[in-house]
Structures are given as structure tokens and as C-alpha cells.
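Chemist: Structure for the following, please:
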Amino acid sequence: MQNMLESTFFITGVSSGFGQALAQAALNAGHRVIGTVRQPEAARAFESHPSGRAHARVMDLTDPETVRQVVQEVEASIGPIDVLVNNAGYGHEGILEESPLEELRRQFDTNVFGAVAVIKACLPFMRTRRRGRILNITSMGGTITMPGISYYCGSKFALEGISDALAKEVSGLGIDVITVAPGSFRTEWAGRSMVRTPRSIDDYDALFDPVRARREAVSGHQLGDPAKAAQVMLQVATMAERPPTRLLLGSDAFDLVRENLQGRLRQMKDWESVTRSTDHTGD
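Modeler: Have a look, this model is predicted:
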């Protein structure tokens, strides 16, 4: 993919958070942005950008047919999508035993199935043109885990795995797939965007109540700067050379993921003989 003066971005969820920050950065850099939103008033607000290059589409991410129709209409009326950014999603907080299965389905419908639906809608066009770049916004929670966000971590682990396999499938077709895994940033993820399951089992109080209280207390005061993250994502999206397949954002993400991976390697080594003992010894 060449570093073009003007690229067309398709970004899901531009009303807040990383999607909003990246859309603004791309528009300010001279690119065209199609941003998806959930409400007509949000669409009007996005299209009021003075550049005239902001195009909004109201889209239900959990409706694959609507997603397909929106992408087809954009390709026909605006032009080829150069960069797809799967940003839309939300966090679910709750102890697994307390959290209804319906919340898990909803989490995966948005964070996983919705992202895959957009990828599947864009891929035929990118494949035909033999060019394109897909950025899937995951999380450090796609590698590490913390108590109380099992559904969210599960969805991000899934998107990480899907993205990694997809990158291998399309690597010879001129399409790059990058997972962008942020740490804690000053977005609404831990605030109004998070769905929280009410507490009901006191056996988990000592473990989880301090975790929930701290997460609520630091919301809006996290280490990460979304504007700086947007500039990095913009660079990765438009760089001429092949980008990384995985990119961590934030010092906390780097430190926590590194510690987690080093711990996994140590445990693998400790149990290596047991692991190898299950090989078949005969012909």
C-alpha cells in the first residue's frame, strides 16, 4: 500500500473515543473519512466538519446485511475504501458467575461479529484491487486478563486470533491486517460506555469491589492520550512499508503484556517435559 496524499478511511464508531480521535486526525491530515454512527444527530455532527471530507453513515454493527449494504453504497457513491478501522465496541464489566449469558452474546455481537461483518463486506473490494489496510482495535485485554472483565477479554482475545489468521490469508493479496492494542486511555471505555452487571454474590466482594472502585475512580485520568494514539494509528494506516501485525499503545500495555508473555514462557519451560511426554512414541 502506498503512502498517498489522500486516502479514504472507513471508521466504525466515530462519535467518541479512538474512533473520534482518529477520524479528526485523518481529516486534519487531508484524508477522506466515512464514519459510522448509531444516531442521525451524531451523523449530522460528524458531517459538519469544515473540511467537507467527513461522510457519516448510520449503521447497526450487529446487522450484517445492513453492514454489507452500507459498504457497497460507500464504494459506489464515494469511492474505494483504502483503510478500514474496526473501532466500534464497548466494555462489559462483571464477575462471570454473576453476568447473564445474554451479556456475553451482546458483547461478542458487537466486538467480534460486528467487526468481522465489516471486514467481510470490505474484503471483496480490497481483494479485487489488490490493496487495502485493515486496523482492528483490540486491547491489551486481548493478551492479558483481569478479574471482572472476562466477557470483554474473551471478545478481544477472539478478535486478536481472527485478525492474526486473516493477516496470513490475505498477505499475498496486497492487504495488511494490523491489531492495535491500547492500554488505559482517557476515553469513555471505563465511563459511560461501559456496561456493568450488578453485584449479587458476596463471595466476590473482597476480590472485585476494590477493582470496580478503582476503575471508576481513574476514568478520565488514565495514562494514555487518545490524540497521540490517533497520530500513531494514522501513521500505521498510511505508511508505505509493511506495518506491524500487532501494535501496543501505551506504556502500561507494553509493561503488562511483556510481563504476561514472559510469565507464560517461564511456565511453558517449567512444564516442557510434561508437554513433550504426550507425543506418540511408536510408528
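Chemist: Which helix or strand contains residue 36?
Modeler: strand 32-37 (DSSP states H and E).
Chemist: same question, residue 248
Modeler: Applying DSSP H and E as the criterion places residue 248 in strand 246-249.
Chemist: What is that strand packed up against?
Modeler: In terms of contacts (3 or more Cβ pairs under 8 Å, 6 or more residues apart in numbering; DSSP states H and E), strand 246-249 is packed against strand 175-182, helix 226-238. C-beta here means a position set from N, CA and C on the backbone, and glycine is covered the same way.
Chemist: Deepest-packed of the ones you listed, please.
Modeler: Each of the helices and strands packed on strand 246-249 was scored by mean neighbour count; the highest is strand 175-182, a mean of 24, by mean count of other Cβ atoms under 10 Å.
Chemist: Please name the strands paired to it in the sheet, noting orientation.
Modeler: strand 132-137 (parallel), strand 246-249 (parallel) (DSSP bridges).
Chemist: Buried residues of the last one, list them for me.
Modeler: Okay, so that is strand 246-249. Going by neighbour count (16 or more other Cβ atoms under 10 Å), the buried part of strand 246-249 is 246, 247, 248, 249.
Chemist: pretty sure the second one is in contact with residue 178, am I right?
Modeler: By that I understand residue 247. Yes - with contacts counted by Cβ atoms under 8 Å, residue 247 reaches residue 178, the gap being 6.2 Å.
Chemist: who touches both of the two?
Modeler: Contact with both residue 247 and residue 178 is made by residues residue 236, according to Cβ atoms under 8 Å, 6 or more residues apart in numbering.
Chemist: got the residue ranges for the helices in the stretch 101-250 of the chain?
Modeler: 101-108, 115-129, 150-170, 205-218, 226-238 (DSSP state H, counting those that start in this stretch).
Chemist: a markdown table for the ones you listed, including mean pLDDT and distance to residue 61?
Modeler: Shown next, in a markdown table, are the helices of the stretch 101-250 of the chain (pLDDT from 0 to 100; distance: least, Cβ to Cβ, whole Å):
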| stretch | mean pLDDT | distance to residue 61 |
| --- | --- | --- |
| helix 101-108 | 97 | 11 |
| helix 115-129 | 98 | 7 |
| helix 150-170 | 98 | 13 |
| helix 205-218 | 85 | 25 |
| helix 226-238 | 95 | 19 |
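Chemist: Centre-most residue in this protein?
Modeler: Nearest to the mean C-alpha position of the chain, by Cα atoms, centre = their mean, lies residue 137 at 2.1 Å.
Chemist: List the beta-bridge partners for that residue.
Modeler: Bridge pairing for residue 137 - DSSP bridges - gives residue 180.
Chemist: Farthest pair within the buried residues of strand 246-249?
Modeler: Within the buried residues of strand 246-249, 246 and 249 form the most distant pair, 10.8 Å apart (Cβ to Cβ).
Chemist: Overlap in contacts, those two.
Modeler: Common neighbours of residue 246 and residue 249, using Cβ under 8 Å, 6+ apart, are residue 181.
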